[in-house]
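Chemist: How does the following fold in three dimensions:
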Amino acid sequence: MTRAGERRKQNLRCALVAALAIALAGCGATRPSKFYSLELPANSAAAGTTLDVNLLVGRITAPHLLRDTRIVYRAAGTEMGTYEFHRWVEPPTDMIEALLLRALRASGKYRSVQPLRSSARGDFILRGRLHEFEEVSGSSLAARVVLEVDLFEASSGTTVWSHLYRRDEPVEGKDVPAVVEAFNRNVQRSIGEITAALDQHFTQNPPKR
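Modeler: Residues are numbered from 1 along each chain as shown. Sure thing, here's the model as predicted:
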């Protein structure tokens, strides 16, 4: 091979190496994930202890898809999917359980409110199931929350109260942060409704000592 041919071969090899390096650099660049959380209103205030009840907050169960951190959407009919780069900081079940615990403590309505997984003993166990927690599309976007809770009495071994919350909260926008804000409003509404209904139950059915 002539000296000119060797130079062309070397230049071609260098060009291929450079192209490969650029391609690998492009493959290594990943889209950053964004994380979101659910919050309670900042103006929650204790109302003073009025009920002689030691309450335990149990686990919130859910279908497998809702035990992940990816935000779920329902595209059409029964078709569902997840946003790969938009995620909750924790699974929705864990966040809702924590919010319920905080709200019940802040209400000041109970002698004590502890998580079931603690060593505390309770008179009643509040537990639940998150049936749906997804963005739904139609004529407009909405954040759907379907949450069912029940109250288990330790002394009798029976479920003495249950409540089903279901609401599609309109999304005020078209991006994922707007969907998250709708979820926040919906969850706050659900927590408020559940705690008020539970308070009413105990007021009408005071525990016997």
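Chemist: which one is L100 nearest to, not counting chain neighbours?
Modeler: V57 (5.6 Å; Cβ to Cβ, 6 or more residues apart in numbering). All C-beta spots, glycine's among them, are computed from the backbone N, C-alpha and C.
Chemist: looking just at contacts, which helices and strands does the helix or strand hosting the one you found meet?
Modeler: V57 is located in strand 51-61, with elements delineated by DSSP states H and E. Counting contacts by 3 or more Cβ pairs under 8 Å, 6 or more residues apart in numbering; DSSP states H and E, strand 51-61 packs against helix 92-107, strand 110-115, strand 124-136, helix 176-204.
Chemist: Show me which positions of it end up buried.
Modeler: With burial defined by 16 or more other Cβ atoms under 10 Å, the residues of strand 51-61 counted as buried are L51, V53, N54, L55, L56, V57, G58, I60.
Chemist: and the residues you listed as a markdown table, adding pLDDT and distance to A106?
Modeler: Converted to a markdown table, these look like this (pLDDT from 0 to 100; distance: Cβ to Cβ, whole Å):
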| residue | pLDDT | distance to A106 |
| --- | --- | --- |
| L51 | 86 | 14 |
| V53 | 93 | 15 |
| N54 | 94 | 17 |
| L55 | 96 | 13 |
| L56 | 97 | 17 |
| V57 | 97 | 13 |
| G58 | 95 | 19 |
| I60 | 96 | 18 |
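Chemist: Of all pairs in those, which one is the farthest apart?
Modeler: Using Cβ to Cβ, the buried residues of strand 51-61 reach their maximum pairwise distance at L51 and I60, which is 22.3 Å.
Chemist: Go through the helices and strands packed on strand 51-61 and name the closest to P32.
Modeler: helix 176-204 (13.4 Å).
Chemist: what about the closest one, distance to the chain center?
Modeler: Helix 176-204 sits 13 Å away from the centroid of its parent chain (Cα atoms, centre = their mean, to the nearest Å).
Chemist: For it, give the mean pLDDT please.
Modeler: What helix 176-204 shows for mean pLDDT is 96.
Chemist: Mind giving me the packing neighbours of that helix?
Modeler: strand 34-36, strand 51-61, strand 70-76, helix 92-107, strand 124-136, strand 142-153, strand 158-170.
Chemist: List the buried residues for that helix?
Modeler: 176, 179-188, 190-191, 194-195, 198-199, 201-202.
Chemist: Other residues contacting stretch 180-189?
Modeler: 36, 38-41, 71, 95-96, 99, 133, 141-145, 167, 169-173 (Cβ atoms under 8 Å, 6 or more residues apart in numbering).
Chemist: I'd like to know which of those residues are buried.
Modeler: 36, 38, 40, 71, 95-96, 99, 133, 141-145, 167, 169, 171.
Chemist: residue ranges with poor pLDDT in this protein?
Modeler: 1-29, 43-49, 209 (pLDDT under 70).
Chemist: mind giving me the domain split of it?
Modeler: 1-30, 34-204 (automatic domain parsing).
Chemist: quick one on the thing from earlier: export the helices and strands packed on strand 51-61 as JSON lines, with columns for distance to L65.
Modeler: Shown next, in JSON lines, are the helices and strands packed on strand 51-61 (distance: least, Cβ to Cβ, whole Å):
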{"stretch": "helix 92-107", "distance to L65": "10"}
{"stretch": "strand 110-115", "distance to L65": "24"}
{"stretch": "strand 124-136", "distance to L65": "9"}
{"stretch": "helix 176-204", "distance to L65": "15"}
